[in-house]
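S.K.: sharing a model that was predicted from the sequence below.
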Amino acid sequence: MIYVDPPIWPARGRLWSHLISDVSLDELHAFAERLGAPRRGFDRDHYDLPEERFALAVRLGARVVSSREIVRLLRAAGLRRPKHLYGGQRSSGARPPSLSSSLSSSPADVASLASSPLASSPFSSEASSRLRLARADASHWAARDGTR
């Protein structure tokens, strides 16, 4: 099912809604395409939708819910991708953008980071943060792909 909250979020001189799916990102992207929403409007787990498209989204079948309900639905579906884990950058929906390109989230990379000299150095808080993100990322994608 596709959901949208009312356009109450001000940004760049406009009011915005959030468009989500509680089924999959594929369903969300397909609906957004029917709606004519550009892919650049996708932000980790939702589309930012300008108020001009709100009525069309509802006509096409999006159910109007509160902003709190949007977050609850995403969490319940396992599709919530918060900024603190996935970065503030926009994503195509493929892989979280928050990890640097030098670190993938494969179990081997997570293990090598944990045992690296940096992990026990005086600068270990950065290593700990990267390790925590890598583990969360690896766990998320393994669960999503059914490999865990």
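M.R.: That came through, no problem. Everything numeric here is computed off the predicted structure, so don't read it as measured data.
S.K.: domain map for the chain?
M.R.: Per automatic domain parsing, the structural domains of the chain span 2-86, 107-145.
S.K.: which stretch in the ones you listed has the least confidence?
M.R.: Comparing mean pLDDT across those, the weakest is domain 107-145, with a mean of 51.
S.K.: going by neighbour count, list what's buried in the longest strand along the chain.
M.R.: If each strand of the chain is counted by residues according to DSSP state E, the longest one is strand 14-21. If you call a residue buried by 16 or more other CB atoms under 10 Å, then strand 14-21 has these buried ones: 16, 17, 18, 19, 20, 21. Where you see a C-beta, it was placed from the backbone N, CA and C, and this is true even at glycine.
S.K.: ok, and what's touching it?
M.R.: Contact partners of strand 14-21, identified using CB atoms under 8 Å, 6 or more residues apart in numbering, comprise 1-10, 27-28, 31-32, 35, 37, 45-51, 53-54, 57, 62, 67, 70, 73-74, 77, 79.
S.K.: alpha carbons of it, as PDB, please.
M.R.: Extracted C-alpha coordinates of strand 14-21, given in PDB (Å, rounded to 0.1, in the frame of the first residue of the first chain):
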ATOM      1  CA  ARG A  14       6.900  25.200  -0.700                       C
ATOM      2  CA  LEU A  15       5.100  22.700   1.400                       C
ATOM      3  CA  TRP A  16       6.000  19.100   1.100                       C
ATOM      4  CA  SER A  17       4.500  15.600   1.900                       C
ATOM      5  CA  HIS A  18       6.200  12.300   2.300                       C
ATOM      6  CA  LEU A  19       5.200   9.400   0.100                       C
ATOM      7  CA  ILE A  20       6.000   5.800   1.300                       C
ATOM      8  CA  SER A  21       5.200   2.200   0.700                       C
END
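S.K.: name every strand pairing with that strand and say which way it goes.
M.R.: Under the criterion DSSP bridges, strand 14-21 sits next to strand 2-4 (antiparallel), strand 9-11 (antiparallel), strand 46-50 (antiparallel) in its sheet.
S.K.: just send these back as JSON lines, with mean neighbour count too.
M.R.: Written out in JSON lines, the entries for the strands paired with strand 14-21 read as follows (neighbours: other CB atoms under 10 Å):
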{"stretch": "strand 2-4", "mean neighbour count": "23"}
{"stretch": "strand 9-11", "mean neighbour count": "11"}
{"stretch": "strand 46-50", "mean neighbour count": "22"}
